[in-house]
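Novice: take a look and give me a structure for this.
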Amino acid sequence: MTLSDEADLFALQPDQPFFETVYTASPLVIVGTREPDGSGDLAPKHMAIPLGWADYFGFVCTPAHATYQNAERTGSFTVSYPRPENVLEATLAAGPRDDEGHKPSLAGVETVEADAIDAPAVKDAYAVLECEVTEIVDGFGENALVAGEIVGKYVHSDAYRDDDAEPEALLERAPALAYLYPDRFASVSETQSFPFPEGFER
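Specialist: The predicted structure is shown next:
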């Protein structure tokens, strides 16, 4: 039996975009960079992920966007994890630029300056990373992977997960924000323990 024999599986046509036809959950982060005029830029990203178990992080962007250009020029970026109740900040960060190239909607997003690098981060995010660009890999169609080494990391006290933290209480206190491309988001506050097999190791 092959996948095409499965009666409940719908085979997409080669020109059909996969991620437009099914909801998949991803983190939603806001990447902060520094503009050439010294102002800060913010942009939401859902194609964003840790790169392995060490301190590396990457996100997908197009070279036509200021985020890519700023990260390439300055060699740094921040990653802010907004709270579900602050999802509007991601909306404002996605606002269009005016004729002068500015993004007026960013006036509605409160920011703080990073410590280890020159870039803004979102105030009251439940976690923030400061990254130095290590590599930019072009060639994913019109997109590229911007990869960085994490040189600073912060977790808000109400979201900090230590050995004594009860997952249920922690997530109820500080829910995680999930993005379901292309048009939905969710507040994740109820979860279940994953059934790892006996003897499982990372």
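
Novice: C-alpha from now on. contacts and neighbour counts both.
Specialist: Will do.

Novice: mean confidence score for stretch 169-183?
Specialist: Per-residue pLDDT over stretch 169-183 has a mean of 95.

Novice: please export the C-alpha coordinates of it as CSV.
Specialist: Once non-C-alpha atoms are left out, stretch 169-183 reads as follows in CSV (Å, rounded to 0.1, in the frame of the first residue of the first chain):
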residue,chain,number,x,y,z
ALA,A,169,0.0,26.0,36.3
LEU,A,170,2.9,27.6,34.3
LEU,A,171,0.9,27.5,31.0
GLU,A,172,-2.2,28.8,32.7
ARG,A,173,-0.2,31.7,34.0
ALA,A,174,1.8,32.3,30.8
PRO,A,175,0.1,30.7,27.8
ALA,A,176,2.1,30.2,24.6
LEU,A,177,1.2,31.8,21.3
ALA,A,178,0.8,29.5,18.3
TYR,A,179,0.2,30.6,14.7
LEU,A,180,-1.8,28.4,12.3
TYR,A,181,-0.9,29.6,8.9
PRO,A,182,-2.4,31.4,7.0
ASP,A,183,-5.0,33.1,9.2
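
Novice: what residues of that stretch count as buried?
Specialist: Of the residues in stretch 169-183, 171, 174-181 count as buried by neighbour count, 16 or more other Cα atoms under 10 Å.

Novice: the most centrally placed residue in the chain pairs with what?
Specialist: Against the mean C-alpha coordinate of the chain, by Cα atoms, centre = their mean, the closest residue is Val29 at 2.9 Å. Beta-bridge pairing for Val29 (DSSP bridges): Lys45.

Novice: mind listing what it touches?
Specialist: The contact partners of Val29, taken as Cα atoms under 8 Å, 6 or more residues apart in numbering, are 44-46, 48, 79-82, 90.

Novice: same question for Ala11.
Specialist: Residues counted as contacts of Ala11 (Cα under 8 Å, 6+ apart) are Ser4.

Novice: now the strands: where do they sit in the chain?
Specialist: When secondary structure is read from DSSP state E, the chain shows strands at 25-27, 29-34, 40-45, 48-50, 56-61, 76-81, 111-113, 120-122, 127-140, 143-155, 176-180, 184-188.

Novice: who wins for proximity to Gly95 among these?
Specialist: Between Gly95 and the strands of the chain, the tightest spacing by Cα to Cα is seen for strand 40-45, at 8.6 Å.

Novice: just want the angle from the closest one to strand 56-61.
Specialist: Relative orientation of strand 40-45 versus strand 56-61 (axes from the mean of the first three to the mean of the last three Cα atoms, to 10 degrees): 80 degrees.
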